[in-house]
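**Q** let me see the structure of the following:
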Amino acid sequence: MTQISILGCGWLGWPLAKKLIKEGHSVNGSTTSESKLTILKASGINPFLVALESEYVSNSITNFLAESEILIIDIPPKLREKSASLPTPSERIFVRKMKNLIPFIEKSTVKKVLFVSSTAVYGNENTTITEDTLPNPETESGKQLLLAEALLQKNQNFAATILRFGGLIGEDRHPVKFLAGKENLENPDAPINLIHQNDCIAIIEAILNQAKWNEVFNAVAPFHPTREEYYTQKAKEHNLNPPKFRTENSNIQKIISSKKMESVLNYQFEMDVYCLT
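**A** Presented below is the predicted three-dimensional model:
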């Protein structure tokens, strides 16, 4: 049995924690909501109220990390925070949070860190993107994720694996619900790059079980129909008004490849949660 700390027991971290507990691990889980502490505890998770901010980390971080060998960081960049010490609301806030967190990791028993990142670190190149592709983020969140990755990777006190997920989907989370009924959407023939919650959890388990550290993995299902084809079909499946796309073709043909991850981890995606019927 391994003790694991999961920083961020949200949409992905909570079900991941429950799955790891079923596999026999002991899990410390963090939340920023006091009302969620009882929910986490009822799931068998050791709950901690942890605030990771650009200017401080709550004292509970020490007990949250105590005795854990592995830390999974699964918190999204939140770029709306304002601070008098920052020139703009979004200037490197997430990076500062990671800089504040790292000294606590260094002082703890944690020797391995799994950082949940995003394929947003890549630009919109019209090509197939692998882990060897030079990241070129265009969004502020992508830029900060890439800087945070580097902070963790260069640290000599622990091994860090970076897991870059594509667009996240699940039973209770699907982008078609936000696109339904909208008109004049761009990039109708751009390929999708999505990954289901089930695969996210299974891939993380595979990394832990196979001890694949100091690695970088893309994780996107090898299923890339066009945006128009996919979201039109999914709207029908959810009984929603299908979105309407512009008639002109897209010049974005970005496909994220997960072949390295599939090969190294010997992983097969759960394809029935994606496929068009």
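
**Q** residue boundaries of the strands in the stretch 51-200 of the chain?
**A** All strands of the stretch 51-200 of the chain, identified by DSSP state E, counting those that start in this stretch, fall at 70-73, 112-118, 128-129, 159-165, 167-169, 194-196.

**Q** which one of these is the most hemmed in?
**A** strand 70-73 (a mean of 25; mean count of other C-beta atoms under 10 Å). C-beta: built from backbone N, CA, C; applies to glycine.

**Q** so which other helices or strands are in contact with that strand?
**A** strand 3-7, strand 112-118 (3 or more C-beta pairs under 8 Å, 6 or more residues apart in numbering; DSSP states H and E).

**Q** out of the ones you listed, flag the one nearest Thr31.
**A** Of all those, strand 3-7 sits nearest to Thr31, with 9.8 Å by C-beta to C-beta.

**Q** ok and the next helix or strand after that closest one relative to strand 112-118, angle-wise?
**A** Where DSSP states H and E defines the elements, the next helix or strand beyond strand 3-7 is helix 13-22. Here the directions of helix 13-22 and strand 112-118 differ by 140 degrees (axes from the mean of the first three to the mean of the last three C-alpha atoms, to 10 degrees).

**Q** could you list the buried residues of helix 13-22?
**A** For helix 13-22, the neighbour count (16 or more other C-beta atoms under 10 Å) marks Gly13, Trp14, Pro15, Leu16, Ala17, Lys18, Lys19, Leu20, Ile21 as buried.

**Q** relative to its centroid, which residue of the chain is most remote?
**A** Thr247 (32.4 Å; C-alpha atoms, centre = their mean).

**Q** show me the contacts for that residue.
**A** By C-beta atoms under 8 Å, 6 or more residues apart in numbering, the contact set of Thr247 is Pro188.

**Q** can I assume it sits in a strand?
**A** No - assignment of Thr247 by DSSP: H, G, I helix; E, B strand; the rest coil gives coil, placing it outside any strand.

**Q** local confidence estimate at Pro87?
**A** pLDDT for Pro87: 47.

**Q** hang on, the earlier thing: can you redo the helices and strands packed on strand 70-73 as JSON lines with mean pLDDT and distance to Leu145?
**A** Listed next are those as JSON lines, based on pLDDT from 0 to 100; distance: least, C-beta to C-beta, whole Å:
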{"stretch": "strand 3-7", "mean pLDDT": "98", "distance to Leu145": "15"}
{"stretch": "strand 112-118", "mean pLDDT": "98", "distance to Leu145": "5"}
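
**Q** just send the ones you listed back as TSV, with distance to Lys97 too.
**A** Below are the helices and strands packed on strand 70-73 laid out as TSV (distance: least, C-beta to C-beta, whole Å):
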stretch	distance to Lys97
strand 3-7	10
strand 112-118	12
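
**Q** so which of those strands gets nearest Thr38?
**A** Using C-beta to C-beta and comparing those, the one that lies nearest Thr38 is strand 3-7, at 17.2 Å.

**Q** so how far is that closest one from its chain's centroid?
**A** Offset of strand 3-7 from its chain centre (C-alpha atoms, centre = their mean, to the nearest Å): 15 Å.
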